Each structure stands twice: as structure tokens, then as C-alpha cells.
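*Asks:* Just a sequence and a predicted model for now, questions to come.
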Amino acid sequence: MQKLSVLFICLFNLNLALAHLSDDESHRRLSDPLRIEYNKQTKDLDDPDDTSQLCRDTLECVRTQEISDLSGNVIQATRWLAELETDMAVRHSQADLERIYRSCRDLTHSEEVAEVASQIENTHWIHGAQNCNENDDPEMQVESMGMGLTIIRQNKCETAEAPFLYLFETEDKVTLIDTGDIWDESSLYDQVAEIAGDREIVIAHSHDHGDHTLGDHQFRDKENVTFIDASMRDGKHSVYGIENWPEDIGTLDIGGGRSLQVIPVPGHENSSVAFYDPETQMMITGDVMYPGRLYINDYPAFVNSLARMREFSQNNPVSGYLGGHVEMSTEPGEDIPFGNYAPNERSLLLKNSDLEELYQAALRNGQDQDVVTLDNFIIRP
């Protein structure tokens, strides 16, 4: 790696600014527009003669956190800068720079968004039972996460797939992404209708597999329901304004002046899309990325989809990724056997660092297409 002299300019300026300030004062000073402009002028992070691309990316990320509105981010960024300043090995280690870069990108800028992410990360989901005849959990767990986002999880005693469904509420619409592995006896429609009241219900899908679409029949032919078919057959892509599949990014109007961005992500299934909500900064990824066994039907398309998500996340703030299932345990690299009981599931929430790890592993595996086990994923071509 080339020498990192620009890093020392960054460190010198930051240390001068923080040396005599309390946490509150440093937060105020670093958030001041004039101070931000001064940092931009004094830290030449784009000099190709002094800094490699990875180091520029890392410094840019840390600088963004340094001037963030969240004092906690400032404190964390300062620790990273101190680590880069004092540890010679880190300064010359691409792996350590990547570690700091990934961790930096996992930080969230909005307190409200951070609260939603924390709520999702710490929610304990129903997970079935060893004897389902004795299970008294509800058919579905319905959790409001804030900012108009509700997550629904099916009971594993009802279906071993136990998919997650995502519901967005605005002033005039309620939008449900996926209808789950739902049969005739389910109360899904009744629960969604109760939430919706007299608002329009919009049904959309992450992809066209039965464990995400079987509940469609509950909503068909109902009044005040708009239905977007899960497959590509009925003009799904044109509904989202996607003309050049899979390169274009579409939109889904969910009412109240709020829209989801629709990102084509084929690979698991050829009509797969991810939905990004700019309000919560969450991306709903269906089965292309979730903590579990990722079954790939088109490997090159899968890698390209991860690259598309990665590029999107580099240009838009993504606070978390929410997939269709959880199949990994709290033990890194250990999945949970398919069945009706999963007492030790890891968190539903994935972060930018997880996407980066998955993308790099999938890219390296492109030629061999072997089964690859990571902390939070198992790639199964």
C-alpha cells in the first residue's frame, strides 16, 4: 500500500480540534458548518499520489462520521483515527483498513433511523417449538418498528419456512411486501385490514416463490386492494417503471408522498427485487440476502445483484438489510436445521459490512461455485 501521509494531516487537524474540548463541545464544534468546511479544505483525501483508493474511502467514511450529527459517531470515529495513528500495522494493512471502513459504514446518521434499526436488531421473534402441539404462540408475530414500518413473522409451527413480511403505513395506503406461506385458515388479511382501516392496501412481492406468495389468495377480489403480481408475466417491471431489466431502478408509490425504490436482484429467482425505503433507510431483500442458506439459481446474476446492491449502498444511506428468513444461529457460521423449532436464531438485521463480506466471498467463488460458509450466510450455488 502506498504511503498514507494524508492520514497524518487528518489526524493532526482532528487532534488539535479535540485536545481541549469536552465531548459536548467537540460535538458542537465538529457539527458547525464552518468547521466542516475547514476540514474539507485541509484534508486532501483525494490525492492519488499519497493515498490508495481504499484508504481514501476509509478516510472519507471516517470524516463523514466525524462531522455527523450523532455525538456517538464522532466518538467512535475518533477512536478509529487514534487506532490508525498509533498502530503502524493497521496503517499498512489492507484487511484492517477494510475492517474500519466496513464498521464505519454500519454507523447510522439519524437518531430516529438508529432507533428503528436497534428495535429490529433486538426483537425476539417467535421460533416454534419442539412439540408444536404444545405451542401457544400466535399464528403471526406483528411488531411495529417505528417510522411506519411493521414486521410480521409467521410461527414456525405453522410453517417451517417462517417468512418475514414487511408492511409500510402512510396517510392513505398500507403496503404489504410478501404474503407468506399462508393457507386458508390464516388471519393475515384480517390483521392487515384492521391496520389499514379505510386506507388502500397495496400488495407487492420480493419474488415469485410460494413461501412468499401463498397468502395472495386472501387479498384477491377484496375491495380497496391493489395487487402487483409476483412474476414478470403481468408487466411487473413496467409497474415499477423499470424498462431496462435488471439495470434500472424503479419506484413504488406507497402514499403520503413516500416511495420505495425498487432494485432488480435476480439470482435466487429471476423476478426478484429489493425495496429500499429512504425514510427508515432499510432495504427489504427477500431471499437474495438473509442470514441463512442462500440458494442460487443463476450464479452470475446473483453476483451482479450483490454488486448492484453494493453500489446502491455506496450512494445512499442504508441502515440495514431485512431478508425473508433467518436460518443462522447465534454461533457464527452455524445454520439451524430446517424444521419447526429454532430457539437460537441470530438477529434478522444485516448491515453494510455483511453485504460486503457476502459480495467478496461470492465474487471469489465465481469460478468454482462451491458451497461457502460465512459467519452469517451459507452460499449454496
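*Replies:* Good, I have the coordinates.
*Asks:* rest of the way, CA atoms for contacts and neighbours
*Replies:* Noted.
*Asks:* what separates I177 from M147, distance-wise?
*Replies:* 16 Å (CA to CA, to the nearest Å).
*Asks:* Can you list the buried residues in stretch 124-140?
*Replies:* By neighbour count, with 16 or more other CA atoms under 10 Å as the criterion, the buried positions of stretch 124-140 are 125-129, 139-140.
*Asks:* swap in stretch 356-366?
*Replies:* 356-359, 361-363, 365.
*Asks:* got a list of what the residue nearest to E200 when sequence neighbours are not counted touches?
*Replies:* Distances taken as CA to CA, 6 or more residues apart in numbering put K173 closest to E200, at 4.7 Å, once the chain neighbours are dropped. Residues counted as contacts of K173 (CA atoms under 8 Å, 6 or more residues apart in numbering) are 196, 199-202, 254-256.
*Asks:* Could you tell me which of those belong to helices?
*Replies:* Counted as lying in helices by DSSP state H, out of the contacts of K173, are A196.
*Asks:* which of I177 and M147 has more neighbours?
*Replies:* Between I177 and M147, counting by other CA atoms under 10 Å, I177 is the more crowded of the two (23 against 15).
*Asks:* hang on, the more buried one packs against H207?
*Replies:* No. I177 is beyond contact range of H207, at 9.7 Å (criterion: CA atoms under 8 Å).
*Asks:* Can you show me the strands along the stretch 251-381 of the chain?
*Replies:* In the stretch 251-381 of the chain, the strands defined using DSSP state E, counting those that start in this stretch lie at 259-264, 273-277, 282-286, 292-295, 320-323, 349-350, 372-373, 377-380.
*Asks:* Quick one: closest of those strands to Q154.
*Replies:* Set against Q154 and scored by CA to CA, these come closest in strand 320-323, at 13.7 Å.
*Asks:* Nearest to W245 among the strands of the stretch 251-381 of the chain would be which one?
*Replies:* strand 259-264 (7.1 Å).
*Asks:* how far away is the residue nearest to the spatial centre of the chain from L176?
*Replies:* Most central in the chain under CA atoms, centre = their mean is Y321, positioned 1.5 Å from the mean C-alpha point. Noted for Y321: a distance of 17 Å to L176, by CA to CA.
*Asks:* Same question for I378.
*Replies:* 28 Å.
*Asks:* same deal with E143?
*Replies:* Separation of E143 from L176 (CA to CA): 14 Å.
*Asks:* More neighbours: those two, which one.
*Replies:* Between E143 and L176, counting by other CA under 10 Å, L176 is the more crowded of the two (21 against 17).
*Asks:* Name the member of the contacts of K173 with the most neighbours.
*Replies:* Counting by other CA under 10 Å, top hit in these: I201 with 26 neighbours.
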